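Student: got a sequence here, can you model it:
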Amino acid sequence: MISRTNYKTRLKPKPYEELLKVLEARKQDLSNKEKFNCDCDSFRTISLENPNISDSFNKDFLQNDHETNHSINEGIYTVKYQIKEKKSKISECNETNKKSQKQKKKSKLSTQQEDVKRSTKHLYALRTLKSYVEVNIYANELEKTQMYLRRQLHFLKKKYKLENINYVDLYNLLISGWARKGRVDKIKQVFSIMKEDQVSPNLESYACYLEGISKSKFIDVIAIELVVKEMKSQGLSPEDIFKECIFKGDQREKVIEALGFVGTNIPSESYEASNAYCCKLLEKLNDKSYEKDDRYQSFGFGKKDINFLASGQLEMENRYTLKIASVDINTSKSSNVILKSRRYLEELEDTWRKKLSATFKKVKSIKKSSHMRGYDKEESIYPFIAVIDSDILVNILVQQVRTMAETGEYFCPFEKALFRQLGIKVMNHYFIWLNKTNKVTDKVHLIYKEYLHYLLDKKLLSEYTPREYWEYLKSQNHSGPTIDIANTPWPPSVLTRIGSEMFDILHKVISFDPNRVRNKPTNKISTTPVFYITYEEGYGSNDMKISRHIGTHDLLCKLYRDAKLDYLEFDTTLVPMLSPPKPWIKCDSGGLLITTTPFIRLNDHAIHQTSYYSKVPSKNLNPCFDSLNSLSLCPWIINKPVLNAIISVFQKGGDEHLDVPLNPDNFSSAPKIVSTMSQKEKAIIWKHKRELKKKKCEASSLWFDCLYKLSIANHFRDKIFWFPHNLDFRGRTYPTPPHFNHLGSDLVRSILLFAEGEPLGENGLDWLKIQLINLTGFRKRNSHSERLKFANEMIPEILDSADRPFEGNQWWKTSDKPWQTLACCKELTNALRHPNPEEYVSHFPIHQDGSCNGLQHYAALGRDELGAIEVNLHPSNAPQDVYSGVSNLVEKLRQKDAANGEEVAKALDGFVRRKVVKQTVMTFVYGVTRYGAKLQILKQLKDMPDFPEKYHQQASSYLMQKIFLSIKEMFTATQEIQDWFTDCAEYITRVSGEPLEWITPLGLPVIQPYHKETVVTNKCSDPGKESSLNYTSSYEPYQSPNIRKQKNGFAPNFIHSLDASHMMLTSLFCQRKGITFVSVHDCYWTHALTVETMNKICREQFVSLHKEPILEDLSAFFLDKYARVVDEKIQGRKLKKNSANKKLRDVLSAVPEKGTFNLDNQRHIKYLFQFTTDIPYVSHVDVVADTFPRIDEFHMPSIDYNALAWAQSDDEKLESLRNST
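Tutor: Numbers count the residues shown, from 1 in each chain. Predicted structure coming up:
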């Protein structure tokens, strides 16, 4: 994907006002040009209707029979055009007709959209208000909060005019605050206010009331009796408090104490199992004895490790940051330079901490004083920083300075992104503090240790899933606080405002002396700000925009580089866990132990989607929870020999051929410009400098990414670790640590091993050999027996690679995946040298990958006989290669055209190769445009030095047409289904005005979050200093859906949701069999011993999934949700009004017909899932078409990005593909 920054032009720092003037002038100029073009287009339309106008207009135009006004007004050049009166009348008539048509179209949806808009804005306001009230309570601002809350609620009711909205949760926050202080008088006051506002108390309200009575100086038994009596009059039972309420701190015990005075019986809490799946595909698993044998998955630890694991992970999360030793050891700089730089840096950071600490105390004092005066017009920022200790805020800022300086002067993050990042860190520290205050951390520690005991108990593992047992433990440990308290996330406006305030302090307070970095002795102390602001201009959806970016002073970056600090700091959310993740039981409970992990990866602004998922019954999501838990429980260790080899190459400067990035510090500098040079020579040097800067910038990004990965791996080299997982909106699973995980590149995958090993068994050695040959990419179309034969022939090279990777023949370097090949060579060598290879315990993952998985799903959906053969859905003695199949078909068409004398067909003789067509075939299933496919092919042709350059453009267009034709010939059903998906998405979004939604076969609701962009304004200010945050969002549900993105995204998104469902099914049945299973989307990993078992489960679940009437169910769901009932008897104008709805119903009902392929054949196929190196994944990137362009970011060849960006920006179809993801 091309970065957005490639479309922007960096501006020199100028005053903001000057930039605005420049942009204003440019915008006006563009507007004038558009107006003139529009007028000319109108004239052309009129001249077609009335040819007589044309001659008259041309004559008058040439004779200046129009008014031209050249005026300069603040640098803006304007030109006015006036067309003849006759033309204007016709044009106005046309415009009136267009406007009336648009108005009619909008009126159909305006009422509905306004309702959704009010509802969404109200939801956002409530979220902001709730977070504000909560932090105020913990900041001991109860009196002020009580007055503010009532005023704001009256304002919300008046502004949004929504019915049946219950604000009791907000009042309960206030009651709980007074209850902790034992202020019964204030609780009575709040209850009176609720009565005035017609808000009915609920169980939690009365629980807080009883807590307050219990904590008061004198326990009033009569008051308790009155509370109980009032509850019963409201139809509420005191016993239900313990079934439905969430308790904080010692609240449960205090309520029990209060009720004990009036003799209320406290019910014992019982565990109600929710183990039954309501999904038809998983009905077999409801029987606990199904497919259960003596095999149980191991989790990499023993009883003696439990205390250490639980305490270690909790301690790391409470600290929130983790210091990791850096693997960057560069001996190019003298020890004197390093020591001198470190001394100055230590002095600087100490000074910064003192200044920042004093500034925060002063700022908090000023803001508190301002906060206490009168009512706030909007939510004040003060309480959000008041609840956090100043030392924590100082550490956050100093860590941020270091991160940006070490990343380099080329790293200039978007201003609001940086602010949001700082705000999130403050919020997470607040949640950690809140969990400690409410005693949640201690209780999680207690229950978690019991959960670890469960993982070691085979009997319990056979009776409960991790989710079920966690629920059981909660019910058994009911005393104390509720551990699944859903923390109220702070809204984006608050996060950004907090970050803005903090960065403002940082920018004003800290500085450094550049002369000391330059080693220029001077008596005068010079101070320079650490950061600077740069402006970039780009184009938004409608006009030109400017954006502010934060840059770090290059000399400070040099200081950090020279210091060569021996450690890196990471937030604990960015690294693997030291113990098994907490099981997912709800959308807001799972993953890290006390740090909030999102269940679905959504944008911060996607409040509507977040709220939607929180209302889905948990039982519907149990399959997703259990699958995530299964993946997350796989323990990992580091492959130390391979890690040592990679670190050695990295420390020696890198190797591009092995995808170890070059160190940007080792790049040669550009020659200096001297006065004697000519202008041409100077221009050449300036060009060289720009190219060098771009190259260093790209290398720096890759180098730091590799540094983080290797440093994290090195930190965990002697540890067992786990990756918590979550989902994207389509249901695809991802590890939450972004830098280091098994979804990464060849380099990262090569250093990961299963923590628990399994003996190779009878066929395990053969699977190791097949894995090795698959990694090399040398025998893609050969059968297993042929690959085994080749592996045996290469044994001398394999042993040489394992023993002497850098001194021997280095055969492993010729592989498609060199580092994984080296790792496999070492593993195979160890197995071969074992006295009995069948008993050799292997930790090495064996990969089984789908054969162009998207096309497999399409072929199965359409029962496409020919397509099924090409993608290995049909039994075969050797694996079919769809890419070679397409290339062979294209070659036949080329030969036919060449025989007919077509010049370009002759030029392509010998160049229609597998790699030329591969990328286009992969991306065809995800809706690649013809222009996009042409660019893909063009790149491949340019990489062939023997192919004549003059035929590049013509040949790429020719091959694109032939590839599309061949695919449609091979996969007849695929195109029909794709077309139906596109039609459904377009008609649904146009007629209903709603985003597309469907439910996966496992019950996960999917909503495509593509709406038209809108500018959203949210306010969050201090008293007397009102401020607004404006941001562009495409997640606002009250905006019309973006039809282009909705229809382009539906086909790939739906196929990905099917792919995710198949993976989840496989993971759950593998868990039942007790075998290790992890996935990289459609690439499944397990031990060599259990490959056959996993493959059998994979085939069975693929058949089970596609035996469901997926397309028919989708059609029925769409008809039920979107289609309106059309009365066929309606005639005349009424029928016309319903024609769009009738067309929608017709489209949704037109399910494509299926072919003759028998799905049961798949149960016996050999190559449904086999390893292929054709599908590398870009690490931690959430895109729909993640096969487009399906280039690994660490294997990307040199590309002229500017030329490619300009080429792409001219094509609307390619733009639509890019935006659809």
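Student: mind listing what the residue nearest to P576 when sequence neighbours are not counted touches?
Tutor: Spatial nearest neighbour of P576, chain neighbours left out: F721 (3.9 Å); criterion: C-beta to C-beta, 6 or more residues apart in numbering. For glycine as for every other residue, the C-beta is placed from the backbone atoms N, C-alpha and C. By C-beta atoms under 8 Å, 6 or more residues apart in numbering, the contact set of F721 is P576, M577, L578, P635, W636, I637.
Student: phi, psi of the last one?
Tutor: This means I637. Dihedral angles of I637 (phi, psi; degrees, to the nearest 10) stand at phi -140, psi 170.
Student: residues near it, how many?
Tutor: 20 (other C-beta atoms under 10 Å).
Student: hmm, it is touching I720, no?
Tutor: Yes - using C-beta atoms under 8 Å, I637 is in contact with I720, at 5.8 Å.
Student: find the residues that touch each one of these two.
Tutor: Common neighbours of I637 and I720 (C-beta under 8 Å, 6+ apart) are G300, A755.
Student: any idea what H549 is bridged to?
Tutor: F414, T534 (DSSP bridges).
Student: which residues touch it?
Tutor: Going by C-beta under 8 Å, 6+ apart, H549 touches C412, P413, F414, E415, I533, T534, Y535, E536.
Student: what's the distance between it and P413?
Tutor: According to C-beta to C-beta, to the nearest Å, H549 stands 7 Å off from P413.
Student: same question, D979
Tutor: On the measure of C-beta to C-beta, D979 and P413 end up 42 Å apart.
Student: go on, V262?
Tutor: Taken as C-beta to C-beta, the span from V262 to P413 is 59 Å.
Student: and D979 and P413? which has more neighbours close in?
Tutor: P413 (15 against 12).
Student: what strand or helix carries the closest residue in space to C278 that isn't next to it in sequence?
Tutor: Residue nearest to C278 in three dimensions, not counting chain neighbours: K619, with 6.0 Å by C-beta to C-beta, 6+ apart. Per DSSP states H and E: K619 is located in helix 618-632.
Student: could you find the closest non-adjacent residue to I219?
Tutor: Excluding the flanking residues, the one nearest I219 by C-beta to C-beta, 6+ apart is I213, at 6.2 Å.
Student: actually Y344, not the one I wrote
Tutor: In space, Y344 comes closest to R516 once its chain neighbours are excluded; the distance is 5.7 Å by C-beta to C-beta, 6+ apart.
Student: quickly find the element holding the one you found.
Tutor: Residue-wise, R516 maps onto helix 514-518 under DSSP H and E.
Student: tell me the helices in the stretch 601-750 of the chain, going along the chain?
Tutor: Per DSSP state H, counting those that start in this stretch, the stretch 601-750 of the chain carries helices over the ranges 607-614, 618-632, 640-651, 679-715, 746-750.
Student: now do the strands in the stretch 951-1100 of the chain.
Tutor: Secondary structure of the stretch 951-1100 of the chain by DSSP state E, counting those that start in this stretch: the strands cover 997-999, 1005-1007, 1014-1019, 1028-1033, 1078-1080, 1083-1086.
Student: how far off centre is the helix or strand T351 falls within?
Tutor: For T351, the host element (DSSP H and E) is helix 335-371. For helix 335-371, the separation from the chain centroid amounts to 34 Å (computed by C-alpha atoms, centre = their mean, to the nearest Å).
Student: stretch 574-591 too?
Tutor: Using C-alpha atoms, centre = their mean, the offset of stretch 574-591 from its chain centre is 17 Å.
Student: quick one: contacts of the next helix or strand after the helix holding R516?
Tutor: Moving toward the C-terminus from helix 514-518, the next helix or strand (DSSP H and E) is strand 528-529. Defining contact as C-beta under 8 Å, 6+ apart, one finds that strand 528-529 is touched by H507, I510, S511, F512, D513, P514, H553, L555.
Student: how about a markdown table for the contacts of F721, with distance to E315 and pLDDT added?
Tutor: A markdown table is the format used below for the contacts of F721 (distance: C-beta to C-beta, whole Å; pLDDT from 0 to 100):
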| residue | distance to E315 | pLDDT |
| --- | --- | --- |
| P576 | 15 | 96 |
| M577 | 12 | 96 |
| L578 | 9 | 95 |
| P635 | 20 | 96 |
| W636 | 21 | 97 |
| I637 | 21 | 96 |
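Student: among those residues, which one sits closest to Q848?
Tutor: Q848 has its nearest neighbour among the contacts of F721 in W636, at 18.7 Å by C-beta to C-beta.
Student: just give me the neighbour total for that closest one.
Tutor: 24.
Student: need the contact list for it.
Tutor: Contacts of W636 by C-beta under 8 Å, 6+ apart are P576, I720, F721, W722, F723, H742, L752, L753, F754, A755.
Student: restricted to strands, list those.
Tutor: L752, L753, F754 (DSSP state E).
Student: most neighbours, which of the residues you listed?
Tutor: Most surrounded of those: other C-beta under 10 Å gives L752, at 26 neighbours.
Student: surely that one touches D746?
Tutor: No - using C-beta under 8 Å, L752 makes no contact with D746, being 11.3 Å away.
Student: what's next to the helix or strand where I241 lies, contact-wise?
Tutor: Secondary structure assignment for I241, by DSSP H and E: helix 241-244. Outside helix 241-244, the residues within contact range by C-beta under 8 Å, 6+ apart are L203, Y206, A207, L210, R252, V255, I266, P267, E269, H478.
Student: flag whichever of those scores worst on pLDDT.
Tutor: Scanning these for pLDDT, the low point is E269. It has 65.
Student: select the helix or strand of this structure having the lowest average pLDDT value.
Tutor: strand 76-78 (a mean of 31; mean pLDDT, DSSP states H and E).
Student: and H1062, what does it touch?
Tutor: D1082, C1098, Q1101, F1102, L1105.
Student: where is pLDDT lowest across the residues you listed?
Tutor: The minimum pLDDT among those falls on D1082, with 82.
Student: neighbours around it, how many?
Tutor: Using other C-beta under 10 Å, the number of residues around D1082 comes to 22.
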